[in-house]
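Enquirer: my questions concern the predicted model and sequence given below.
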Amino acid sequence: MNSPSGFRQHLLLTLNFTKKYDEIEPKHSLRQPPTAGFRIIENQLCFLAPRCISIPKMNYIADLHIHSPYSRATSKNSDLAGLYGWAKLKGINVVGTGDFTHPAWFATLKRELEPAEPGLFKLKNETAVPSPLADVPLPQGPVRFLLSAEVSCIYKRGGKVRKVHNLLYVPDFDSAERVNRALGTIGNIISDGRPILGLDSRNLLEILLENAPQGFLVPAHIWTPWFSIFGSRSGFDSVEECFADLTPHIFALETGLSSDPDMNRLITGLDRYALISNSDCHSPSKLGREANLFDCGFDYFSMWDAIRANSHDNFKGTVEFFPEEGKYHADGHLDCTVCLHPAESKELNNLCPACGKPLTIGVLNRVMELADRSEPLFADNSPEVFSLIPLPEILGELAGTGSGSKKVLREYSKILGTFGSEFELLLNLPIECIAESNSLLSEAVRRVRAGEVFRQPGYDGRFGVIKAFEQGELKKLVCNS
Ligand SMILES: [Zn+2]
Ligand SMILES: [Zn+2]
């Protein structure tokens, strides 16, 4: 995708950008994660874990944004055993715990997890966890947990109300405990696993840096209209505007389900940020609908380094929804069943043609508003992008039912029993191997991998629909086979 002139342009823009950054005097000078050793934090002597550089490189998949049963509208099955079992079936090796700010969930984490690799934790009784699918044995491969949380910051800045979701990551329980103590003095962290605090995003980052020097913050699902850093109804126009003097501590952004790296790389101002992808799942069976692929040491610090460096040598890539599938991709009104492309919305002055009220402006529109390129521009060593449809949705299309039907569940179990994990099938398995047992599935997976899919965009909170086959095509194929 890079033309030589495009790459020069990229370098030039990056240089300009760096200059701008150097003009900012950061109050906290933690540009690099601090090394191991003792430190005074909150008047107490604290030990910072060693950054283990001797851990061998390994290929693994991480989903770093999920919610516990203590978050609103989350499945009871999102307990640690449920997350562990589903992570195994999906082929995920590192799962964010979600919600470490919630006292009851935090107590559960402390009780049920034990330290494994640096900054990662394992379930104490993992061998006793049953498979979530009765007939399918759990595939091989480790599953570790990483302490994560999401905070909804609602505050006024520049005369506007801002609502920004931010993800927090820390490598140890002591750091999490200090962060929780600090946040507990600001607002209610008990009523919701994802607490809503009247706290400026910049100040949340400051609290994290002060209490967890080895922690990092990633703005969550950055384009969601109502709750994100760039949201059309909630956010800012740049990372600098949001995090001010602490901006240099932000090195990654979560793209969310409704946008993908192609869209984000239309914006020069985002060039220096790694783009990570996570499921944000509220039910463990939805784990990994977006995820990150690493080829680096299997520990918190190596992952941190890989994301910061943002090179495909260690941060291999992301698994993405086709962005049209996200529930805020296009503009529209759900109640009026009006779904519009940004160009159509513009002609209508962003007003709904059915009810006359302002449209919910989606992610594509907002990206186009901030874009300063007509083509995405990627650095040569950028992590790769793998756009996928979750396997149950592919099976639902083949079965002519919803993705949650009994027929799909039976087929899903059968396929995992045959091929191993879901990611193994979707990402790695040769098409010929799949074809030996299921020719339609193999053709569907081939098309998904090649991006040859049919897309109906999501809008105003409704998920879009992505199909591997054209309307009526599947029937013909079945008749001919
Ligand atoms: Zn969120
Ligand atoms: Zn309307």
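Expert: Perfect, thanks for sending it. Ligands and ions are numbered 1, 2, ... in the order given.
Enquirer: pretty sure residue 348 contacts residue 340?
Expert: Yes: with contacts counted by CB atoms under 8 Å, residue 348 reaches residue 340, the gap being 7.3 Å. From N, CA and C alone the C-beta is placed, and that goes for glycine too.
Enquirer: give me the common contacts of those two.
Expert: residue 359 (CB atoms under 8 Å, 6 or more residues apart in numbering).
Enquirer: which positions in the chain make contact with ligand 2?
Expert: Counting by CB under 5 Å from the ion, the chain comes close to ligand 2 at 333, 336, 352, 354-355.
Enquirer: and the contacts of stretch 421-439?
Expert: Contact with stretch 421-439 is made by 61, 88-92, 139, 141, 288, 291, 319, 386, 388, 390-391, 415-416, 418-419, 441-443, 445-446, 448-449, 481, as judged by CB under 8 Å, 6+ apart.
Enquirer: narrow the residues you listed to those in strands?
Expert: Among those, DSSP state E puts 61, 291, 319, 386, 388 in strands.
Enquirer: scan these and report the most crowded one.
Expert: residue 291 (28 neighbours; other CB atoms under 10 Å).
Enquirer: what is it paired to in the beta sheet?
Expert: residue 319 (DSSP bridges).
Enquirer: and it, what is it in contact with?
Expert: Taking CB under 8 Å, 6+ apart, one finds 61-63, 92, 277-279, 318-319, 423 in contact with residue 291.
Enquirer: who has more neighbours, residue 348 and residue 340?
Expert: For residue 348 and residue 340, the more surrounded residue by other CB under 10 Å is residue 340, and the numbers stand at 23 against 14.
Enquirer: looking at it, the more buried one is touching residue 350, isn't it?
Expert: No: with contacts counted by CB under 8 Å, residue 340 stays clear of residue 350, the gap being 9.2 Å.
Enquirer: name the residues contacting each of those two.
Expert: Common neighbours of residue 340 and residue 350, using CB under 8 Å, 6+ apart, are 331, 359.
Enquirer: distance check, residue 436 against ligand 1.
Expert: Counting by CB to the ion, to the nearest Å, the gap from residue 436 to ligand 1 is 41 Å.
Enquirer: isn't there a helix covering that residue?
Expert: Yes: assigned with DSSP: H, G, I helix; E, B strand; the rest coil, residue 436 falls within a helix.
Enquirer: check which residues of the host helix or strand of residue 148 are buried.
Expert: Counting by DSSP states H and E, the element that carries residue 148 is strand 144-157. Neighbour counts over strand 144-157 (16 or more other CB atoms under 10 Å) mark 144-155 as buried.
Enquirer: swap in stretch 121-141?
Expert: 121-123, 126, 129, 131-133, 136, 138-139.
Enquirer: would you list those in a markdown table and tack on pLDDT and distance to ligand 1?
Expert: Formatted as a markdown table, the buried residues of stretch 121-141 follow (pLDDT from 0 to 100; distance: CB to the ion, whole Å):
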| residue | pLDDT | distance to ligand 1 |
| --- | --- | --- |
| 121 | 98 | 23 |
| 122 | 97 | 26 |
| 123 | 97 | 25 |
| 126 | 95 | 28 |
| 129 | 95 | 27 |
| 131 | 95 | 29 |
| 132 | 95 | 24 |
| 133 | 94 | 28 |
| 136 | 93 | 31 |
| 138 | 94 | 29 |
| 139 | 92 | 29 |
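Enquirer: quick check, nearest of those to residue 180?
Expert: residue 121 (16.5 Å; CB to CB).
Enquirer: circling back: neighbour-wise, which one of the contacts of residue 291 leads?
Expert: Neighbour max across the contacts of residue 291 (other CB under 10 Å) = residue 277, 31 neighbours.
Enquirer: go ahead and confirm that one touches residue 258.
Expert: No: using CB under 8 Å as the test, residue 277 is too far from residue 258 to be in contact (11.5 Å).
Enquirer: which residue does the protein have closest to ligand 1?
Expert: At 3.6 Å from ligand 1, residue 165 is the closest residue in the chain, using CB to the ion.
Enquirer: tell me, how many residues neighbour that residue?
Expert: Residue 165 - counted by other CB under 10 Å - has 27 other residues nearby.
Enquirer: now it: which helix or strand?
Expert: Here residue 165 is assigned to strand 160-170, by DSSP H and E.
Enquirer: which stretches of the stretch 351-481 of the chain form strands?
Expert: 384-388, 454-456, 465-467 (DSSP state E, counting those that start in this stretch).
Enquirer: any buried residues in the second one, and which?
Expert: Same thing as strand 454-456. Under 16+ other CB under 10 Å, the buried positions of strand 454-456 are residue 454.
Enquirer: just use 640 as the starting number from now, easier for me
Expert: Done: numbering now begins at 640, and the last item shifts to strand 1093-1095.
Enquirer: quick check, distance from that strand to the centre of its chain.
Expert: Remark: strand 1093-1095 is offset 22 Å from the chain centroid, using CA atoms, centre = their mean, to the nearest Å.
Enquirer: roughly how far does the nearest residue to residue 870 once chain neighbours are set aside sit from residue 997?
Expert: Distance criterion CB to CB, 6 or more residues apart in numbering; nearest residue to residue 870, sequence neighbours excluded, is residue 864 at 4.9 Å. Computed as CB to CB, to the nearest Å, the residue 864 to residue 997 distance reads 11 Å.
Enquirer: show me which residues of the stretch 890-1039 of the chain are close to ligand 1?
Expert: Residues of the stretch 890-1039 of the chain lying near ligand 1 by CB under 5 Å from the ion: none.
Enquirer: just for the stretch 890-1039 of the chain, where's the confidence low?
Expert: Residues of the stretch 890-1039 of the chain that meet the criterion pLDDT under 70 are absent altogether.
Enquirer: what is the nearest of the buried residues of stretch 760-780 to residue 941?
Expert: Closest to residue 941, out of all of those and judged by CB to CB, is residue 760, at 15.6 Å.
Enquirer: how about the closest one, nearest residue that isn't a chain neighbour?
Expert: Nearest one to residue 760, counting by CB to CB, 6+ apart, is residue 752 at 3.9 Å.
Enquirer: what do you get for residue 846?
Expert: residue 821 (4.8 Å).
Enquirer: which ones are touching the residue of the chain closest to ligand 1?
Expert: Shown in contact with residue 804 (CB under 8 Å, 6+ apart): 789-792, 833, 858-860, 863, 866-867.
Enquirer: can you check residue 807 too?
Expert: Counted by CB under 8 Å, 6+ apart, residue 807 has contacts 739-740, 787-790, 818, 843, 847, 851, 854-856.
Enquirer: with residue 968 instead?
Expert: By CB under 8 Å, 6+ apart, the neighbours of residue 968 are 897-898, 962, 1001-1003, 1096-1098, 1103.
Enquirer: which two among these are spaced furthest apart?
Expert: Counting by CB to CB, the most remote pair of the contacts of residue 968 is 898 and 1098, 13.9 Å apart.
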